[in-house]
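In: The sequence isn't on hand, but the structure is:
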């Protein structure tokens, strides 16, 4: 067995809270819900795995049917979950997605997560040896916002990664219901200083910086210390940059029905392609295509495309 074949060596390791999803469909006057999966970093991990990356996950689950469903999902997707604990006296978080064409964004989330197993993760629970053997550690604003203890654990994971020379990837994913804007601003600004790859959404960094223009927001992230920035612009595509180059990535044509998890699909695909060695603009275009395709079905996970689908869509667009 070569080092590259060692099952303990992962390209990407994500930390955060996985969730089971119930997504409203248009059937039965909106009373029909499709059971799926979510949690931003779990979505990210699955998106990266579907693009061919070797991916693992760090978290905790309750000893309940939802936790077992998530393990079955990761097993089927090839996401290594040996770093996920089972807490017998805690529960696995769930959420509901409702859809309303009259609302901005078209969908609304209702979470049941306070006191979940993942929110009780402590630094001592981290599989530090797994972090040290990865190439990229990924986490998000939600990973840090679900509890003070989870935030401490996220910082401990970052410290472990940086000490081992592992790159840190950070998606802002601002959720105002989880923490105050002042705390979000302080923590996210600090983590962006520690991150190598920053994956902010336009609205998030506008809220925490007070800046408005995409180029100014990218400049801000780079000044803080990020080596690579992929600013997600929603329907306007993305802006990807490092210290020497900047590329505007146009939106990929699609027929969206549900944008749940599209940003996570973008991030997972983008980091997977960077780890695979793609040039920055190529990784950006690939990720934009993956994110667009993920909006053409319901749920955060089921519509995430696999590598063959993304490559076929890119080839068709070029033709």
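Out: Thanks, I have it. Nothing here was measured: the structure is a model prediction, and the numbers come from that model.
In: Now name the helix or strand holding the closest residue to residue 33 other than its chain neighbours.
Out: Distance criterion Cβ to Cβ, 6 or more residues apart in numbering; nearest residue to residue 33, sequence neighbours excluded, is residue 22 at 4.2 Å. Heads up, the C-betas are built off the backbone N, CA and C, glycines and all. Element membership for residue 22 (DSSP states H and E) is strand 19-24.
In: one step back: what sits against the residue nearest to residue 33?
Out: 33-36, 94-97 (Cβ atoms under 8 Å, 6 or more residues apart in numbering).
In: let's see it at 7 Å
Out: 33, 35, 94, 96 (Cβ atoms under 7 Å, 6 or more residues apart in numbering).
In: Out of those residues, which sit inside strands?
Out: 33, 35, 94, 96 (DSSP state E).
In: Out of these, which comes closest to residue 64?
Out: Relative to residue 64, the closest of these is residue 94; by Cβ to Cβ it sits at 10.0 Å.
In: Which strand residues bridge that closest one?
Out: residue 20, residue 112 (DSSP bridges).
In: thought it was touching residue 17?
Out: No - counting by Cβ atoms under 7 Å, residue 17 is not a contact partner of residue 94; they are 11.1 Å apart.
In: between the two, which one's more packed in?
Out: Legend: neighbour count by other Cβ atoms under 10 Å for residue 94 and residue 17, higher for residue 17 (28 against 17).
In: ok, the more buried one to residue 251 distance?
Out: 29 Å (Cβ to Cβ, to the nearest Å).
In: Could you give me the buried positions within the lowest-mean-pLDDT helix or strand in the chain?
Out: Within the chain, no helix or strand scores below strand 107-112, which has a mean of 85 by mean pLDDT, DSSP states H and E. For strand 107-112, a neighbour-count test (16 or more other Cβ atoms under 10 Å) marks 107, 111 as buried.
In: List the contacts of it.
Out: Contacts of strand 107-112 (Cβ under 7 Å, 6+ apart): 93-100, 258-260.
In: By neighbours, which of those residues wins?
Out: Per-residue neighbour counts (other Cβ under 10 Å) across the contacts of strand 107-112 peak at residue 260, which has 27 neighbours.
In: give the contact list for that residue.
Out: So residue 260 contacts 23, 97, 107, 299-300 (Cβ under 7 Å, 6+ apart).
In: Check residue 188 too.
Out: Counted by Cβ under 7 Å, 6+ apart, residue 188 has contacts 141, 172, 208.
In: are any of these buried, and which?
Out: Applying 16+ other Cβ under 10 Å to those, the neighbour count classes 141, 172, 208 as buried.
In: Check which helices and strands the helix or strand containing the last one sits against.
Out: The secondary structure element spanning residue 208 is helix 202-209 (assigned by DSSP H and E). Counting contacts by 3 or more Cβ pairs under 7 Å, 6 or more residues apart in numbering; DSSP states H and E, the secondary-structure elements packed against helix 202-209 are helix 181-194, helix 214-224.
In: Next, format these as JSON lines and append distance to residue 123 and mean pLDDT.
Out: Shown next, in JSON lines, are the helices and strands packed on helix 202-209 (distance: least, Cβ to Cβ, whole Å; pLDDT from 0 to 100):
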{"stretch": "helix 181-194", "distance to residue 123": "16", "mean pLDDT": "97"}
{"stretch": "helix 214-224", "distance to residue 123": "24", "mean pLDDT": "97"}
